[in-house]
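Asks: what shape does this take:
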Amino acid sequence: MSELRDTPSMAVKSATPTRYSSVAIFLHWLMSIAVIGMLGVGLWMHELKNSPFKIELYTWHKWVGLTILMLAVVRLLWRVHRPPPPMPPMPRWQELAADGSHYLLYGLLFAMPTSGWLMNSAAGFPLTWFGLFKVPALLTRNKDAFEFWQETHELLAFALIALICVHIAAAIKHHFIDRDNVLARMLPLVKPRKPAPAKVGAEP
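Replies: Take a look at the predicted model:
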């Protein structure tokens, strides 16, 4: 009796990850909480009357915004180092939509805090990171530039809110309607679903 051996295709298949790495999952949920919290606080504090409390909120908003920017850099570098697991089978248009939304999300994760940094620079306000060290200004003080980046920051915020809503809706749809592993790949402590067994007599 000949000894059974794995074929090259079987070896590649078994080595293919079915879920994101622990680091990617941690960064995803940490940034999700931070970004959603920042968007909510940003909309709320914008309507507050001028007070020491509002100034403190803005200070923390800037600190967390810079942290999100740094985490976005780390997350992008990790994604290059550890590419995500393959998507489950789905229509081509859904694959393109998923890729496009991810590119937009990464772009906004960089653009949002950067626009806030530019706005703060144009306003001429000093900027630090949690009071530990001074962050250099990207622009000299300029009223017109401040108004431009302020409006840009607000528009980017609404664009990010819309994209997050689409992202969440798509994840829920894949998990509860399509019943595939799109969401399970990013959920901690959740094992991906096993593929449905092939029907008897079905074509290979």
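
Asks: can you give me the helices for this protein?
Replies: Applying DSSP state H to the chain gives helices spanning 8-15, 22-45, 52-81, 92-123, 143-173.

Asks: can you report how many residues lie near Phe146?
Replies: 19 (other CB atoms under 10 Å). To be clear about C-beta, it is placed using only N, CA and C from the backbone, and glycine gets the same treatment.

Asks: again, but for His167
Replies: Other residues close to His167 by other CB under 10 Å number 16.

Asks: and the gap between the residue nearest to it when sequence neighbours are not counted and Ala157?
Replies: Counting by CB to CB, 6 or more residues apart in numbering, His167 lies nearest to Ser101, which is 6.1 Å off, once chain neighbours are set aside. Ser101 sits 17 Å away from Ala157, going by CB to CB, to the nearest Å.

Asks: ok, the two, which is more surrounded?
Replies: Neighbour totals were compared for Ser101 and Ala157, and Ala157 leads with 19 against 15 (other CB under 10 Å).

Asks: now for that one: which residues touch it?
Replies: Ala157 is in contact with 39, 42-43, 112, counting by CB atoms under 8 Å, 6 or more residues apart in numbering.

Asks: one more: Ala171?
Replies: Applying CB under 8 Å, 6+ apart, the residues near Ala171 are 182-183.

Asks: tell me how far it lies from Ile68.
Replies: Ala171 sits 20 Å away from Ile68, going by CB to CB.

Asks: then Pro91?
Replies: Distance of Pro91 to Ile68, computed by CB to CB: 33 Å.

Asks: of those two, who's got more company?
Replies: Neighbours per residue (other CB under 10 Å) separate Pro91 from Ile68, with Ile68 holding more: 21 against 8.

Asks: model confidence for that one, exactly?
Replies: For Ile68, the model assigns a pLDDT of 98.

Asks: these two touch, right, it and Val35?
Replies: Yes - using CB atoms under 8 Å, Ile68 is in contact with Val35, at 6.3 Å.

Asks: need the overlap of contacts for these two.
Replies: Joint contacts of Ile68 and Val35 (CB under 8 Å, 6+ apart) are Leu109.

Asks: OK, contacts around Thr76?
Replies: That one is not Thr; residue 76 is Leu. Contacts here follow CB under 8 Å, 6+ apart; on that basis Leu76 touches Tyr106.

Asks: please tell me how far it sits from Ala122.
Replies: Look at Leu76 and Ala122: by CB to CB, they are 26 Å apart.

Asks: now do Leu109
Replies: Leu109 is 21 Å from Ala122, where distance means CB to CB.

Asks: Ala137 too?
Replies: Distance, Ala137 to Ala122, using CB to CB: 9 Å.

Asks: with neighbour numbers in mind, choose between those two.
Replies: More neighbours surround Ala122 than the other of Ala137 and Ala122, with 22 against 17 (other CB under 10 Å).

Asks: let me see the contact set for that one.
Replies: 139-143, 145-146, 148-149.

Asks: go through these and name the one nearest Pro126.
Replies: Pro126 lies nearest to Arg141 out of those, by CB to CB, at 11.3 Å.
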